[in-house]
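Student: predicted model and sequence follow; I will ask about them next.
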Amino acid sequence: MIRPEFNLSYRRFDSKSILISWPNLIENAVLFDVLSFKKSINLSGKPLVEVIIAYNSLLVVYDITIDNIYNEIKSLKTLYLDINYDINESKIIWKIPVCYDDYFATDLENISNNKNIDKDEIIELHYKNTYRVCFLGFLPGFLYLSNLNKRLYFPRKVQPDLNIIKGSVGIGGNQTGVYPSNSPGGWNIIGNSPIDFINKEKLHKISFASPGDSINFYPIDIKEHNYISNNLDSYIIESEVSND
């Protein structure tokens, strides 16, 4: 596969970190370029604390002060040119149950009225897509997912809700995602997933999913939602490995 070419910017973030930025695009080519560079940096033997990923940037955090920023940026640029770009690396597809019942889907009717699309069609358009995990934030375990059907694009709320319940599935602009815990938020809620999105027993990996993984939602009714909610200790998230 031909590797895409991006013009990256490098700048000192603070005395121990460098910020690397890609063009401001939300697309798979950028994501996989970011992931490939992150992997190369982690394998480079540099004295690192961590490499933090966002949509189109990497924050490279060192465990020592960067004395010569120009030499270190030059080293990173060389490393970028030599990375092994493997877009076919195996990733996991996670299958997530969602209840789209009106009880949970508090903003579904508003989206339907504004976009003149039946609620059932909105639901089908949402769960029939395969989404890509771009990065995790703004809450621990919150998965930012790309590849939302363009017919479902809908702006975030001007006045955020003060208490969105755990598991709420929302649409914000051209993205979809799931709130892993009770939180204020401005996304439009169209359903709820009963599973846990935070792994409290694995502090080194707070979410089951990683950037580059995929998410498939599938619809359930309230009865099944309640059953899963009451049996989380034995519930296992369905998944499969993909090389696509």
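Tutor: Cool, the structure landed.
Student: dig out what the residue most central in space within the chain forms beta bridges with.
Tutor: Note on the chain: the residue nearest the mean C-alpha position is residue 144, at 2.9 Å, using Cα atoms, centre = their mean. The residues listed as beta-bridge partners of residue 144 by DSSP bridges are residue 135.
Student: wait, doesn't it sit right on residue 133?
Tutor: Yes: between residue 144 and residue 133 there is a contact under Cβ atoms under 8 Å: 7.3 Å. Every C-beta, even on glycine, is put in place using the N, C-alpha and C of the backbone.
Student: ok, now how distant is the residue nearest to the centre of the chain from residue 137?
Tutor: Distance, residue 144 to residue 137, using Cβ to Cβ, to the nearest Å: 7 Å.
Student: surely residue 111 and residue 121 touch.
Tutor: No: between residue 111 and residue 121 there is no contact under Cβ under 8 Å: 10.9 Å.
Student: shared neighbours, these two?
Tutor: Taking Cβ atoms under 8 Å, 6 or more residues apart in numbering as the contact rule, residue 111 and residue 121 touch no residue in common.
Student: which parts of the lengthiest helix in the chain are buried?
Tutor: In the chain, assigned by DSSP state H, the helix with the most residues is helix 28-42. If you call a residue buried by 16 or more other Cβ atoms under 10 Å, then helix 28-42 has these buried ones: 30-41.
Student: repeat that for stretch 105-120.
Tutor: Those would be 105-108, 111-112, 119, for stretch 105-120 by 16+ other Cβ under 10 Å.
Student: could you do stretch 147-156 as well?
Tutor: Neighbour counts using 16+ other Cβ under 10 Å place 147-148, 152, 154 of stretch 147-156 among the buried residues.
Student: list the helices and strands the worst-scoring helix or strand of the chain on mean pLDDT packs on?
Tutor: Least confident helix or strand of the chain, by mean pLDDT, DSSP states H and E, is strand 238-242 with a mean of 84. With contacts taken as 3 or more Cβ pairs under 8 Å, 6 or more residues apart in numbering; DSSP states H and E, strand 238-242 sits against strand 91-99.
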